[in-house]
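Peer 1: Fold the stuff below for me.
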Amino acid sequence: MSAALQAVKQFRVRELAPVLKAQPTASTARPKILNPFLPHKNPESGRWAPAKYSLRRQADLVKQARASGMLHLLPPGPKLSPKDLAAASASTSASTPTSDAVAPVAESSKSWWLSEVEWEGEFKEKEVKGADVGNRLYAGRKRMFKGHKWERTLEKRTWERKMLMKDMAARIERFRTTYRRKTPSPVSPARPVSYSKLPF
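Peer 2: Down below sits the predicted model:
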């Protein structure tokens with residue numbers, strides 16, 4: 001048995017053993033098992049419990065199940081969408097003969113972990129912009145990068161500079177005439193200084 005198939009079997013045995021042991025053998029209904037890839041809400045306390053398996057472990061299990069052809073045995077989750085799971089189940093049902101890696105396991109009497117189960121919990125796949133083209137980071141953004149502050153304010157500063165330069169000649173002329181009026185003439189007599197306003 002390959003390492004990938006062994007990992008999938010360990011996952012199934014760990015999740016199915018407590019439920020299948022408590023269920024009567026004569027029952028033909030598919031057992032219901034909480035999806036360990038999804039968070040669950042406690043009906044008594046109202047609190048949410050996180051997923052039993054982290055995203056990294058989920059990705060490893062999906063990778064190993066895909067390599068061993070046992071992807072249909074995993075529950076849906078963030079790393080395995082229902083569409084991929086349905087496609088894997090369809091391809092598995094289409095290929096009736098088992099593969100060489102799974103045949104020895106399926107023939108043995110201890111293949112109860114291959115039985116069908118019903119995973120409780122609905123996985124709602126979020127629509128991410130750009131996921132279809134492989135560019136989710138900058139999809140739907142006007143600017144690709146933030147840039148420097150002088151780059152972000154360049155357009156506004158250029159507009160202000162253009163508005164100021166539009167009537168710059170009149171502004172310069174107005175400043176020069178005002179400056180001439182305020183500048184004392186060198187030929188005019190000096191103004192007397194009043195010392196009565198001094199505080200001492």
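
Peer 1: going forward, measure contacts and count neighbours with C-alpha atoms only.
Peer 2: Fine.

Peer 1: quick one: low-confidence parts of this structure?
Peer 2: With pLDDT under 70 as the threshold, the chain has low-confidence stretches at 1, 22-28, 94-110, 180-185, 190-200.

Peer 1: For it, which segments count as helices?
Peer 2: Under the criterion DSSP state H, the chain contains helices at 3-22, 55-68, 82-94, 103-107, 149-152, 154-166, 168-182.

Peer 1: Would you mind finding the most buried of those helices?
Peer 2: A comparison of the helices of the chain by mean neighbour count, using mean count of other C-alpha atoms under 10 Å, puts helix 55-68 on top with a mean of 17.

Peer 1: Next, the angle from that one to helix 3-22.
Peer 2: Computed with axes from the mean of the first three to the mean of the last three C-alpha atoms, to 10 degrees, the direction of helix 55-68 lies at 110 degrees from that of helix 3-22.

Peer 1: List the contacts of helix 55-68.
Peer 2: Contacts with helix 55-68, where a contact means C-alpha atoms under 8 Å, 6 or more residues apart in numbering, come from 2, 4, 5, 7, 8, 37, 71, 74, 78, 79, 80, 101.

Peer 1: Looking at those, which one is closest to residue 167?
Peer 2: Closest approach between the contacts of helix 55-68 and residue 167, by C-alpha to C-alpha: residue 78, at 61.6 Å.

Peer 1: Between which two of the contacts of helix 55-68 is the distance greatest?
Peer 2: When C-alpha to C-alpha is used, the two most widely separated members of these are 78 and 101, lying 27.3 Å apart.

Peer 1: Quick one: the contacts of helix 55-68 as TSV, columns for distance to residue 64 too.
Peer 2: Written out in TSV, the entries for the contacts of helix 55-68 read as follows (distance: C-alpha to C-alpha, whole Å):
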residue	distance to residue 64
2	10
4	5
5	7
7	7
8	7
37	16
71	8
74	11
78	16
79	12
80	12
101	13
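
Peer 1: out of these, which one sits closest to residue 116?
Peer 2: Ranked by distance to residue 116 (C-alpha to C-alpha), the contacts of helix 55-68 are led by residue 74 at 10.5 Å.

Peer 1: neighbours around that closest one, how many?
Peer 2: With neighbours defined by other C-alpha atoms under 10 Å, the count for residue 74 comes to 21.

Peer 1: ok, the closest residue to residue 34 other than its chain neighbours - contacts?
Peer 2: The shortest distance from residue 34 to any non-neighbouring residue, by C-alpha to C-alpha, 6 or more residues apart in numbering, is to residue 120 (4.7 Å). Shown here is residue 120, whose contacts under the criterion C-alpha under 8 Å, 6+ apart are 32, 33, 34, 35.
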